Each structure stands twice: as structure tokens, then as C-alpha cells.
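In: Provide a 3D model corresponding to the input given below.
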Amino acid sequence: MVRAVRRMLAGLVACVALAAGPPGEPAVTRAQQQAHEKLVDQTVAAFRKLNEARNSGSRQKYQQALNAWQVVQRVARQQGNRVIEEMAWQYVQELQAKLRQLPQPLRQFRYDIRRDARPNGGARRRPKKVPRQDWNQFFRSGRTIYSLGLFRTEGQAINQWWVLQGRVWFVHFAQTPVRVKILKQVGNAITLEVSIPEVRETLFISNRELNFNENNIIRFLRDRLLDFILGKASIPEEMLKEIARKLVDKVALRLAQLVGFVPNVKNEFRQAFGSLSGHTFEITYVNGLGVTDLRITEGKNLEEEYFRELARQLTHSALTNYLLRDLALARPGQQKTYNVEELAGMLGFALDVDAYGQVTLERLSDDKQGRAVFRIVRADVTVQTLFAGRNYQARFFVNPQVGNGVVYYRYSKNRPFNLKSWFVEEAYVDWGVNAFAVPPKNLLFGVKAVRNLMVRSYFHAQSSKQIAAGNK
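Out: Numbering: from 1, shown residues only. Next up is the predicted model:
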């Protein structure tokens, strides 16, 4: 990281010196100066992409970083800036070599939950085994559920390093439609068709701030930074002061904005569902073991991690409607505790989230539509997610002081029960978040903290029977 920052700043110094022009010669034109400034912007943006790729290990991120450095190399060559051109060439070679080592995107994937450890090293829970009679009724061939998940996140993203601090206030909406159909049931295995149409995201930015102590920056540039970059070279004191002044005036603010001191929240949001948008999968699910095989039937090839994330969630959330059956048949006032993996889909935790913890539901009286109503009494959920190439951790909870949650479950009181038509129809949750940690290795780039975070999730589902009745 230090080496990368050293190379970057050396290139920026070269750009500023070139823009200023040698003593005694006419200054460069305004167009040339703007071109140099644009090259600085492109170089710093390329460093950000390189940092994201190294942290995530994603082939897609490495390809984006390679594309950015190839642009920098071409522009630097056109402007005759040999310092940045050589630096860009080195990174292009490094990224091309890395891409040759990474596995190619896949069309199909085999998953085994017994060999998939959690980020903290613990073993993942295997799904509960459904009794044969319930399995045959509840997971009957042809059962189809259409769902729509909405996730609203509001908060303040902050980046702070030394004397610099950037803030941005944001509101982010994600809308995810999914269709799950049971194609066939053979013994203890079912074949699912999971379709994920277009995923929509909207981001609103209400305010941005950047604050820094200019005097400290000038002092640091004069006393340490130039010696660090250029060594104890015999450069006139006046020239050093001029370069320092130009760095502060022309580069410091732009550099701070581009590397994340004013966080670019648009780049920070990473929804795994967004990468799965437009895909259809054929998935094999085994009773008591979960998802074992995934195959793309529509859409482009994907990296292994996306298959793995989809398998992790469906292994448990495929049983959500079945597991809530007993609570629907219980008397009002009774409570039951579930592992959060079993309810993750309806609670709004998407594929890019690894959530674990417990949620307690209380049975309330049926509503006017005859649906069972559950209140979320307690929830303590630890969430780990990949966010702009970095691992973040948060603690979500629900209690009367900071939020609430309610679930509506469609069922029938008539016997014999037709379990095929029992499912979660709606779920609303207002989440309280009192912890949001960022690993310390992320020293310079990106968001360091998120404060005043408020999260609201909404889930709505319909069966194919309901949709057909509504179209008549």
C-alpha cells in the first residue's frame, strides 16, 4: 500500500510540475492544464479500482482495474507523461498476469454446506430435515411463489484519515423480484427453477462535506512528503514551496474526493442480486442437506462466489414457509425462536449478506384477511457483507424502542390442510443498527464508518394461484 501511494503521489507531482512549466518558459495552455488534471483524476480512480480488486479477489473487479489502467497508460502516452505511463504499464502487466491465474466464470456449480465454513471459521448449520409426509405435501411439483423484496438504507458515510474527514448523507433503495418454481420432486430431492428478473436500485445523496486542516497539510508536504518521494535531492527551497502550494491548491481536494475522503456511495453499494439480475437457475435441493447443484439456464456465466452465495441462502430460506407452519397453527401469545438463516429471505437480507443469529416471533390474532400475524419480539442478527470489495460487519436488532417487525402468513384453517398454499405473504421490519465495524486493514480508501444508519425491509409474495385468480 505504501509503495502504491508513493508511486501515485510521484506521478501527481510530475503532473503538477509539468502543468506549471519550467522557469522562464510560457505557461501551458488552459486546455493542456485541463488534460493534465484529467489524467490525475483517471490515475487516482485507477488506484481505487486496483485497491477494490485486491481486497475482493473478484475477477470482475480485476478486469475493471485493468481497463482503468489501460486508459491511464494510453492517455499518459498521448500527453508525453513518461512517469505515469511507466507506472501504468507496470500495473497493466501485473493485472494481466493476475487475470490469467484466476478461474474462469462458471456455468454450473456443485455446493456442499458441510465444506463451507463461516467467515469466522465456524461450521454452517445444516437445514432441518422435513418429515416424509410433510415433504411430499409441502414441496409438491408445480408449487410457484412470486416475491418482491424492498430494502431501504439511510445513513451517513464517513471517511477519516489524519486531518481529512469526508461525509455524505445517503438513502439507498433496492428492489429485487424473484420467482421460485418446483419443477419436480423425486424422493428426497426437488428441482427448483429460480428466476431473478431486473433488479432496480436508486440512490439519493442529500449532502457532502470535506474538511481538512490546510496548514498541517502544507507543513507535512514541506517537511516530509517531498523528501519521501524525491529523496534528499538538491531542489531549490522556493521550488519545493511552489510545488507544495500547487499540490494543496490543485490536487489535494480532488485527491481527497477521488480516493474516498468524501465517500462515493454509489461505488460503495454492492448488491449481489444486481449481478444475478436477468438470470435463471435450475437448482437441486436435497432434504436435510440443502442445495447441492446449481446450473444457469438463462444469463451469462458467473464467478463461483455468486453461486456459493445463492446456495447458502436457498439452503435455509427454501424452508421458511414450512418452518412457520407450526406457529401459524399455534394459539395467540405463543412464541418461537428461529435461526436467522431460516428467515433471511423474508427479512430482507440479500445474497451479498452472510447473516447469523436468532429471531423470536410471537403469534398474534389473525387479521381481517384470515392471515396469521406474527410479531418480531426479539432479533439479534450479526451481518457480514462484502461492501465495495471490503468485509463489513453490523449488528441488527429489533425492539420496541428502535424498531418493529410484523409478518403476515397465508394459511387455511380447513382440514385436511392444503400445505401447498401456505406461505409468507408480507413482512415489514424496521431495523435498529448499533454497530458497524470496518477491518483496520482498509487504511486509506473508501468508507471507514456508517453512522445514524436506519434500515427498513419489506417483503411481499404471491402464489401462482393468486396471480391467476387476479387476472380473471
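
In: list the helices and strands the top helix by length along the chain packs on?
Out: Longest helix of the chain, by residue count under DSSP state H: helix 30-56. On a contact count with 3 or more Cβ pairs under 8 Å, 6 or more residues apart in numbering; DSSP states H and E, helix 30-56 meets helix 2-20, helix 59-79, helix 82-101, helix 253-258, strand 390-398. Heads up, the C-betas are built off the backbone N, CA and C, glycines and all.

In: In that helix, which residues are buried?
Out: Counting neighbours by 16 or more other Cβ atoms under 10 Å, one finds that the buried residues in helix 30-56 are 33, 35-37, 39-40, 42-53, 55-56.

In: The residue nearest to Leu323 when sequence neighbours are not counted and Arg110: what is the separation?
Out: Excluding the flanking residues, the one nearest Leu323 by Cβ to Cβ, 6 or more residues apart in numbering is Glu342, at 5.5 Å. To Arg110, Glu342 is 23 Å away according to Cβ to Cβ, to the nearest Å.

In: Between those two, which is the more surrounded one?
Out: Comparing Glu342 with Arg110 by other Cβ atoms under 10 Å, the one with more neighbours is Glu342, at 23 against 12.

In: I'd like the distance between the more buried one and Ile196.
Out: Using Cβ to Cβ, Glu342 is found at 21 Å from Ile196.

In: Equivalent analysis for Thr176, please.
Out: 7 Å.

In: now do Val186
Out: Counting by Cβ to Cβ, the gap from Val186 to Ile196 is 25 Å.

In: which of those two has more neighbours?
Out: Ile196 (23 against 9).

In: Check what pLDDT the nearest residue to the more buried one once chain neighbours are set aside gets.
Out: Of all residues beyond its chain neighbours, the one nearest Ile196 is Leu276 (4.9 Å), with distances taken as Cβ to Cβ, 6+ apart. pLDDT for Leu276: 80.

In: residue contacts, Thr360?
Out: By Cβ atoms under 8 Å, 6 or more residues apart in numbering, Thr360 lies in contact with Gln335, Lys336, Thr337, Tyr338, Ile376, Val377, Arg378, Ala379.

In: which among those end up buried?
Out: Using 16+ other Cβ under 10 Å as the burial test, the contacts of Thr360 include Lys336, Tyr338, Ile376, Val377, Ala379 as buried.

In: what lines up beside the host helix or strand of the second one in the sheet?
Out: Remark: Tyr338 resides in strand 335-339, with elements defined by DSSP states H and E. Strand 335-339 has the following strand partners under DSSP bridges: strand 353-364 (antiparallel).

In: The strand ranked longest in the chain: what's the following helix or strand?
Out: In terms of residue count, the longest strand belonging to the chain (DSSP state E) is strand 164-186. Proceeding N to C from strand 164-186, the next assigned helix or strand is strand 189-196, under DSSP H and E.

In: Could you list every helix and strand that that following strand packs against?
Out: Here strand 189-196 is seen to pack against strand 164-186, strand 279-286, helix 304-317 when contacts are counted using 3+ Cβ pairs under 8 Å, 6+ apart.

In: Now distance to Tyr146 and mean pLDDT too, for the ones you listed, in TSV please.
Out: TSV is the format used below for the helices and strands packed on strand 189-196 (distance: least, Cβ to Cβ, whole Å; pLDDT from 0 to 100):
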stretch	distance to Tyr146	mean pLDDT
strand 164-186	5	83
strand 279-286	14	95
helix 304-317	15	86
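
In: In a markdown table, list the ones you listed along with distance to Ala76.
Out: Formatted as a markdown table, the helices and strands packed on strand 189-196 follow (distance: least, Cβ to Cβ, whole Å):
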| stretch | distance to Ala76 |
| --- | --- |
| strand 164-186 | 27 |
| strand 279-286 | 38 |
| helix 304-317 | 34 |
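
In: which one of those is the most hemmed in?
Out: Neighbour counts (mean count of other Cβ atoms under 10 Å) averaged over each of those peak at helix 304-317, with a mean of 21.

In: Between helix 59-79 and that helix, find me the angle.
Out: 150 degrees (axes from the mean of the first three to the mean of the last three Cα atoms, to 10 degrees).

In: ok, residues contacting helix 304-317?
Out: Residues contacting helix 304-317 (Cβ under 8 Å, 6+ apart): 58, 103, 106, 109, 111, 113, 116, 124-125, 127, 192, 194, 272, 275-276, 281, 283, 285, 290-291, 294, 339, 341-346, 349, 351-352, 354.

In: quick one: Glu86 from Gln64, how far?
Out: 22 Å.

In: Comparing these two, which residue is more hemmed in?
Out: Gln64 (17 against 13).

In: shaky segments in the stretch 201-350 of the chain?
Out: Residues of the stretch 201-350 of the chain meeting the criterion pLDDT under 70: 207-274, 350.

In: Break down it into its helices, ranges please.
Out: For the stretch 201-350 of the chain, helices defined by DSSP state H, counting those that start in this stretch occupy the ranges 214-220, 226-230, 237-246, 253-258, 265-268, 272-276, 304-317, 320-323, 325-328, 344-347.

In: who touches the last one?
Out: In this structure, residues lying in contact with helix 344-347 by Cβ under 8 Å, 6+ apart are 147, 149, 313, 316-317, 320, 340, 353, 355, 359, 381, 405, 407, 424, 427, 429, 457, 459.

In: Next: stretch 88-99.
Out: For stretch 88-99, the external contacting residues (Cβ under 8 Å, 6+ apart) are 43, 46, 50, 53, 59, 62-63, 65-66, 69-70, 72-73, 76.

In: Looking at these, which one is closest to Ser464?
Out: Arg59 (36.9 Å; Cβ to Cβ).

In: Just give me the neighbour total for that closest one.
Out: With other Cβ under 10 Å as criterion, Arg59 counts 18.

In: Would you report the backbone torsion angles of Ala372?
Out: phi -70, psi 140 (degrees, to the nearest 10).
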